[in-house]
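Student: For reference, the sequence and a predicted model appear below.
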Amino acid sequence: MESNILLESGTNELEVLEFMVGKQNFGINIAKVSEIMNYQPMIPVPDSPEAFEGVFTPRDKVISVIDLHKVLNKESDDSGHDLLIICNFNQMDVGFHVSSVKGIQRISWEDIEKPPRISGDGQQNIATGIAKLSDRIILILDFEKIVSDINRSAVIDATGATMTDESKAEKHIVIAEDSPFLNTLIKNTLGEAGYKNVVSFDNGKDAWDYISGHKTLPGNILDQIACVISDIEMPQMDGHHLTKLIKDDETLKKIPVYLFSSLINEQMRAKGNSVGADAQFSKPQIGALINYMNDHI
C-alpha cells in the first residue's frame, strides 16, 4: 500500500485514523489498528479500574477493552452506534471504545505539535501530539500511557536485563521518545542498569539537532554518542526519518540506532531495516534492548 512506501522511504509522514469520543476529535496511527467493529457487550472483570470495560472473544481471541469515554470524561451522543477500534501494539491486542470513526488523514509529522503539559480539560499527559487540519484539530493520544494506567507491565518489562559493566557506564546514550511517561521510564530503567550518561528528547527533530551538532566536534563520534534509542511515532520527525538522516551522513552513520517501539512487527521491521536501523526491539521488552546494548556498544 502507499502508506508503506511512505514509511519505507523515510518521508516523515503517517496516516492517522480520526475518531470521535463525545464531540471531540482524536487520532491514532493507522499502523496500530487491526480493525473497526460495532460495539458489543463485554464480560466484566472483577476489581478492575473503571475505564477497563471488560473482555470479549471475537474469533476465539481474548481482547481487553478500554472505554475512552471514561478515560477522557466524555459522553457518547448515541451509544447505540458506538464502535470498537481493535489495535495491536506492545505485543498485545486491545480494543478502544469510541463514539464514531471519521476516516483516515495523511499528515506530516512536521505538522504535529507537542501539546501543552497541562490542558484545560484535564487531559494532561495523555496526549502526545496535536495535528492541525484546515478546519479542526486532532488530538493524538498516548495510548501506551492509557494502557499502562491499567496494566503497567504491558508498557515496560525489564525482565532479564543485566547490569552494564563499569567500562560502559559513562557511554553517552541519546533517547528519542515522545511519551513523557515512557521517556522518563526508559531513562530511569537505563539508569538502573548502570548507564549514567543519558540524554532524552521528546521528538525526533530535537534529537536530530542535538546529534548533528556533534559532527564538527573533534575525535571519534562514538566517543561522543555511543548509540541512539528511538521510538517510531514522534511529532516533528518520526524515528524512521531520524534513522535515515543519521545513516545518510558520512560522519554520523557509525552511530548505532536502535528502534524501540510498540509498532515493531514483520512489516515495520522491514521498514526499519530499509532506513538502516542497527537493531529493533518491541515494547515492552526493554530488558532485551539493554542486554543488546551491553554486548554491542
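Tutor: Here it is on my side, so go on. Residues are numbered from 1 along each chain as shown.

Student: Closest to the centroid, which residue in the chain?
Tutor: What sits nearest the mean C-alpha location of the chain, by C-alpha atoms, centre = their mean, is E233, with 5.0 Å.

Student: What strand or helix carries it?
Tutor: In this structure, E233 sits in neither a helix nor a strand according to DSSP states H and E.

Student: ok, it - contacts?
Tutor: 14, 29, 128, 178, 239, 261, 263 (C-beta atoms under 8 Å, 6 or more residues apart in numbering). In this view, the C-beta of every residue, glycine as well, is placed from N, C-alpha and C.

Student: Let's have those residues in a markdown table, adding pLDDT and secondary structure.
Tutor: Shown next, in a markdown table, are those (pLDDT from 0 to 100; DSSP: H, G, I helix; E, B strand; the rest coil):
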| residue | pLDDT | secondary structure |
| --- | --- | --- |
| L14 | 83 | strand |
| N29 | 89 | strand |
| T128 | 84 | strand |
| D178 | 87 | coil |
| G239 | 94 | helix |
| S261 | 91 | strand |
| L263 | 80 | coil |
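
Student: So T162, which state does it fall into?
Tutor: coil (DSSP: H, G, I helix; E, B strand; the rest coil).

Student: Offset the numbering so it begins at 757, please.
Tutor: Got it, first residue is 757 now, which makes that one T918.

Student: I'd say it and E948 touch.
Tutor: No. Using C-beta atoms under 8 Å, T918 is not in contact with E948; the gap is 11.2 Å.

Student: Low-confidence stretches in the stretch 907-1053 of the chain?
Tutor: In the predicted model, the stretch 907-1053 of the chain carries pLDDT under 70 at residues 908-911.

Student: So which residues of it form helices?
Tutor: In the stretch 907-1053 of the chain, the helices defined using DSSP state H, counting those that start in this stretch lie at 936-948, 960-968, 977-980, 995-1003, 1022-1030, 1042-1052.

Student: How is this structure divided into domains?
Tutor: Here the domain assignment for the chain is 758-905, 912-1052, based on automatic domain parsing.

Student: R815 should be in a helix, yeah?
Tutor: Yes. Looking at R815 with three-state DSSP, it is inside a helix.

Student: What separation do you get for it and Q780?
Tutor: 31 Å (C-beta to C-beta, to the nearest Å).

Student: what's the answer for L897, then?
Tutor: 11 Å.

Student: Leaving out sequence neighbours, find the closest residue to M1049.
Tutor: C983 (6.5 Å; C-beta to C-beta, 6 or more residues apart in numbering).

Student: The one you found bridge partners, please.
Tutor: Assessed by DSSP bridges, C983 has beta-bridge partners I929.

Student: residues in contact with it?
Tutor: When contacts are counted by C-beta under 8 Å, 6+ apart, C983 touches 927, 929-930, 1011-1014, 1034, 1049, 1053.

Student: got a winner among those residues for most neighbours?
Tutor: V1013 (27 neighbours; other C-beta atoms under 10 Å).

Student: In terms of neighbours, single out the busier of R815 and Q780.
Tutor: Per other C-beta under 10 Å, whichever of R815 and Q780 has more neighbours is Q780, with 16 against 5.

Student: ok now do the residue of the chain most remote from its centre, which residues does it touch?
Tutor: Distance to the chain centre peaks in the chain at P974, reaching 34.0 Å (criterion: C-alpha atoms, centre = their mean). By C-beta under 8 Å, 6+ apart, P974 lies in contact with nothing.

Student: quick revisit: ranking the domains of the chain by mean neighbour count, which comes first?
Tutor: Ranked by mean neighbour count under mean count of other C-beta atoms under 10 Å, those are led by domain 912-1052, which reaches a mean of 19.

Student: quick one: the strands in the stretch 757-906 of the chain?
Tutor: For the stretch 757-906 of the chain, the strands defined by DSSP state E, counting those that start in this stretch cover 769-777, 780-785, 789-794, 808-812, 819-823, 839-845, 848-854, 856-864, 868-869, 883-888, 893-897.

Student: Reformat those strands as JSON lines; add distance to V955.
Tutor: Listed next are these as JSON lines, based on distance: least, C-beta to C-beta, whole Å:
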{"stretch": "strand 769-777", "distance to V955": "26"}
{"stretch": "strand 780-785", "distance to V955": "26"}
{"stretch": "strand 789-794", "distance to V955": "33"}
{"stretch": "strand 808-812", "distance to V955": "36"}
{"stretch": "strand 819-823", "distance to V955": "33"}
{"stretch": "strand 839-845", "distance to V955": "26"}
{"stretch": "strand 848-854", "distance to V955": "30"}
{"stretch": "strand 856-864", "distance to V955": "26"}
{"stretch": "strand 868-869", "distance to V955": "22"}
{"stretch": "strand 883-888", "distance to V955": "20"}
{"stretch": "strand 893-897", "distance to V955": "24"}
